[in-house]
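> prediction below, plus the sequence it came from.
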Amino acid sequence: MKIKHYAYLLICVIMVCAVGLWTGNIIIKSDYVTGQVIDSINGVYVYYNGDVDNISGRNVTATGYNLGQKYQCVEFVKRYYYEYFNHQMPDSYGNAKDFFDSKLIDGQNNAKRNLMQYTNPSKTKSEESDILIFDGTVFNKYGHVAIISKITGNKIEIIQQNKGAKSRQKISFTKKDGKYKINSKRVLG
């Protein structure tokens, strides 16, 4: 009976690890240290965060604008918009998935972010420097945000913080019935 119990436990651990690796929520040991620059876009740095849940304090500008928890994905996106576009979001708090307001229709202004919001799929094609918003998962209830760094053919490349040492990722998109769809079930808009 004990062997059967340990076998079930081992299978569960293997399944959790496999799902975590597949979703990107388990960080494999890295040579980077928390706070180390690992990438950049338009002069804005991406910092290594270590474990997905690691918190290194709040990042606030000299004027008191809240950028978020160091080196989380939200902090990078807000810092990118602040440094590159000189844009401050009216609601400076919230989790990644909160960047998307499900009550808005495609192409409406999101007042909390003072940005246009597009759904997935959308009549409007994504552009470089757009924010991509991912829904939460069982392993990450907060969601994820990233910046579109490049669009080539039918692929978008995103740059992101707090995904281990992997700051870039490519996702395909399609156009059907006049709408562009980013091919990820987690992408909200």
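The structure has been received and is ready for your questions.

> residue 172 pairs with what?
residue 155 (DSSP bridges).

> how far away is it from residue 86?
Relative to residue 86, residue 172 is positioned 32 Å away (criterion: CB to CB, to the nearest Å). Every C-beta, even on glycine, is put in place using the N, C-alpha and C of the backbone.

> of these two, which one has the most company?
Per other CB atoms under 10 Å, whichever of residue 172 and residue 86 has more neighbours is residue 172, with 12 against 7.

> what sits against the more buried one?
154, 155, 156, 182, 183 (CB atoms under 8 Å, 6 or more residues apart in numbering).

> what do you get for residue 85?
residue 129 are the contacts of residue 85 under CB under 8 Å, 6+ apart.

> the one 5 residues further on too?
For residue 90, the residues meeting the contact criterion (CB under 8 Å, 6+ apart) are 111, 112, 113, 114.

> of the residues you listed, grab the buried ones for PyMOL.
To isolate the buried subset of the contacts of residue 90 in PyMOL, counting by 16 or more other CB atoms under 10 Å, use the following:
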select buried, resi 112+113
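
> wait, which of the contacts of residue 90 is closest to residue 147?
Lowest distance from residue 147 to these (CB to CB) belongs to residue 113, with 13.6 Å.

> so where does the closest one fall, helix or strand?
Using DSSP states H and E, residue 113 sits in no helix or strand.

> how about stretch 161-177, which residues are buried there?
Neighbour-count burial for stretch 161-177 [16+ other CB under 10 Å]: 161, 162, 163, 164, 165, 167, 168, 169, 171, 173.

> and the last one, what does it touch?
Applying CB under 8 Å, 6+ apart to residue 173 gives the contacts 126, 154, 155, 156, 180, 181, 182, 183.

> filter the residues you listed down to the buried ones.
By neighbour count, with 16+ other CB under 10 Å, these hold 126, 156, 180, 181, 182 as buried.

> hang on, the earlier thing: now render the buried residues of stretch 161-177 as CSV, adding distance to residue 41.
CSV is the format used below for those (distance: CB to CB, whole Å):
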residue, distance to residue 41
161, 11
162, 15
163, 15
164, 18
165, 16
167, 9
168, 10
169, 13
171, 16
173, 19
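
> if I look at the residue lying closest to residue 68 once chain neighbours are set aside, how far off is residue 121?
With sequence-adjacent residues excluded and distances taken as CB to CB, 6 or more residues apart in numbering, residue 68 is closest to residue 75, at 3.6 Å. Note on residue 75: its distance to residue 121, by CB to CB, is 29 Å.
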